[in-house]
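A.B. asks: Build me a model:
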Amino acid sequence: MTEAVAIVGPTAVGKSDVADAFAARLGTSVISADAMQVYRGMDIGTGKMLPDQCRAPLLLVDVVDPDVAYSAALYQRDARREIDRLRGEGRLPVLCGGTGLYLRAALDAMDFPSGEVGDGRRSTYEKLLEEIGPLALHQHLAEVDPESAACIHPHNVKRVIRALEMHDEGASYAQRKERFSHIPPYIDCLYIGLTRNREGLYRRINARVDGMMSAGLLDEVRALRDAGYSDAITSRQAIGYKELFEYLDGAFSLDDAVETIKMRSRRYAKRQLSWFRRDDRVIWLDMDKLGLDGAVEAILERVGEN
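C.D. replies: You can find the predicted model right below:
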């Protein structure tokens, strides 16, 4: 029996609209599974649906400020709390997002070392990052755990810090990464993947970025800078924010910044598709053929079958 539904896929494919419409049909809530939507003040650039746009309640958005570290383990704790609450009320939890690790943390039987939740070491490594920079921090990881360093890009500071935390716990990021595919489910979940023709998806991504700029993304980034968040690791790593921070710092022209956002968003969509296509539990729906209403009906049918 289906205990939850996860609606997954690449950025700009239409996940939020489908999940919102589906959850509204069932009288339940949507649990966001987006690593950037948990941050307050990062609305436009993350594609966050605002309350007046939602037909169903949207949970696990605006959880922490941009300078607060948030992890897959913390998401696991928070998401499972909402999953258990909804199920206790007799409602079907609907998870929606493109952050694969967050979805697996919530829906698979993953255990995290205590350092993932936060015991002071994360802030220590974040301070070290500020002092020596990402390349030197990655070199430090290479010295203590070369296998993990080899599979993490030096500028992916979140994973570098996570690997250092795991090393302190006596675990290996590289070895754990290989074990992900063998983790059993935490609950019985129906995974629905949304897809589109790739060229069409890329056009939607480009149009979405233009729409974000028209909606005031640059002003949102300025507001984050004025609030003191321009040096926060989160905002400096998020696509759409880091490029505009760099524009404000004089590193880019605005046109170049926007084109870079589009290019990195397209690359991110490709990585998301690769991640989810490795999971044979995902049932794929073609949004070009079905549209919003057709996708919702198809998911309802699948739930009925399970």
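A.B. asks: okay, CA-based contacts and neighbour counts for the rest of this
C.D. replies: Noted.
A.B. asks: Strands along the stretch 101-250 of the chain, start to end?
C.D. replies: 189-195 (DSSP state E, counting those that start in this stretch).
A.B. asks: Poorly predicted segments of it, please.
C.D. replies: 112-121, 169, 175-182, 233 (pLDDT under 70).
A.B. asks: beta partners for the spatially closest residue to I283 that is not a sequence neighbour?
C.D. replies: Counting by CA to CA, 6 or more residues apart in numbering, I283 lies nearest to I192, which is 4.9 Å off, once chain neighbours are set aside. Per DSSP bridges, the residues bridged to I192 are I7, I283.
A.B. asks: and E246, what does it touch?
C.D. replies: 252, 257 (CA atoms under 8 Å, 6 or more residues apart in numbering).
A.B. asks: Could you do V258 as well?
C.D. replies: V258 neighbours (CA under 8 Å, 6+ apart): 209-210, 240, 243-244.
A.B. asks: same check, this time on C151
C.D. replies: For C151, the contacting residues are A174, by CA under 8 Å, 6+ apart.
A.B. asks: circling back: give me the subset of the contacts of V258 lying in helices.
C.D. replies: 209-210, 243-244 (DSSP state H).
A.B. asks: mind putting these in CSV, neighbour count and distance to L141 included?
C.D. replies: Below are the ones in helices among the contacts of V258 laid out as CSV (neighbours: other CA atoms under 10 Å; distance: CA to CA, whole Å):
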residue, neighbour count, distance to L141
V209, 22, 35
D210, 16, 38
E243, 26, 27
L244, 27, 29
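A.B. asks: any idea which of these is closest to D256?
C.D. replies: Closest to D256 out of the ones in helices among the contacts of V258 is E243 (8.9 Å), distances taken as CA to CA.
A.B. asks: now the ones in helices among the contacts of V258 in TSV, with distance to R271?
C.D. replies: Converted to TSV, those look like this (distance: CA to CA, whole Å):
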residue	distance to R271
V209	18
D210	22
E243	19
L244	22
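A.B. asks: any idea which of the residues you listed is the one closest to E131?
C.D. replies: Nearest to E131 among the ones in helices among the contacts of V258: E243, at 22.1 Å, using CA to CA.
A.B. asks: and the gap between that closest one and D255?
C.D. replies: Distance of E243 to D255, given as CA to CA, to the nearest Å: 11 Å.
A.B. asks: Residues that sit against both of these two, list them.
C.D. replies: Counting by CA under 8 Å, 6+ apart, nothing touches both E243 and D255.
A.B. asks: Enumerate every residue touching S235.
C.D. replies: Applying CA under 8 Å, 6+ apart, the residues contacting S235 are 66, 229, 241-242.
A.B. asks: which of those residues sit farthest apart?
C.D. replies: Farthest pair in those (CA to CA) is P66 and K242. Separation: 12.7 Å.
A.B. asks: Comparing these two, which residue is more hemmed in?
C.D. replies: P66 (24 against 20; other CA atoms under 10 Å).
A.B. asks: burial measure for the residue lying closest to that one once chain neighbours are set aside, as a count.
C.D. replies: Leaving aside its sequence neighbours, P66 sits nearest to Y39 (CA to CA, 6+ apart; 5.4 Å). By other CA under 10 Å, the residues close to Y39 number 23.
A.B. asks: separation between Y39 and A69?
C.D. replies: Y39 is 10 Å from A69, by CA to CA.
A.B. asks: Ok, A136 next?
C.D. replies: In terms of CA to CA, A136 sits 21 Å off from A69.
A.B. asks: between these two, which one's more packed in?
C.D. replies: Neighbour count, other CA under 10 Å: between A136 and A69, A69 has more, with 18 against 14.
A.B. asks: List the residues that contact L217.
C.D. replies: 44-45.
A.B. asks: how about 10 Å then?
C.D. replies: 42-46, 209-211, 223, 240-241, 244 (CA atoms under 10 Å, 6 or more residues apart in numbering).
A.B. asks: How about F22: what's its closest non-neighbour residue?
C.D. replies: V296 (5.5 Å).
A.B. asks: Give the other helices and strands that the host helix or strand of that neighbour contacts.
C.D. replies: V296 is part of helix 287-305, with elements assigned from DSSP states H and E. The helices and strands touching helix 287-305, judged by 3 or more CA pairs under 10 Å, 6 or more residues apart in numbering; DSSP states H and E, are strand 4-8, helix 15-26, strand 189-195, strand 282-286.
A.B. asks: what do you get if the cut-off is 8 Å, keeping everything else the same?
C.D. replies: helix 15-26, strand 189-195 (3 or more CA pairs under 8 Å, 6 or more residues apart in numbering; DSSP states H and E).
A.B. asks: All the helices of the stretch 101-250 of the chain, in order from the start?
C.D. replies: 114-117, 121-144, 146-150, 157-168, 173-179, 198-215, 217-226, 233-237, 242-248 (DSSP state H, counting those that start in this stretch).
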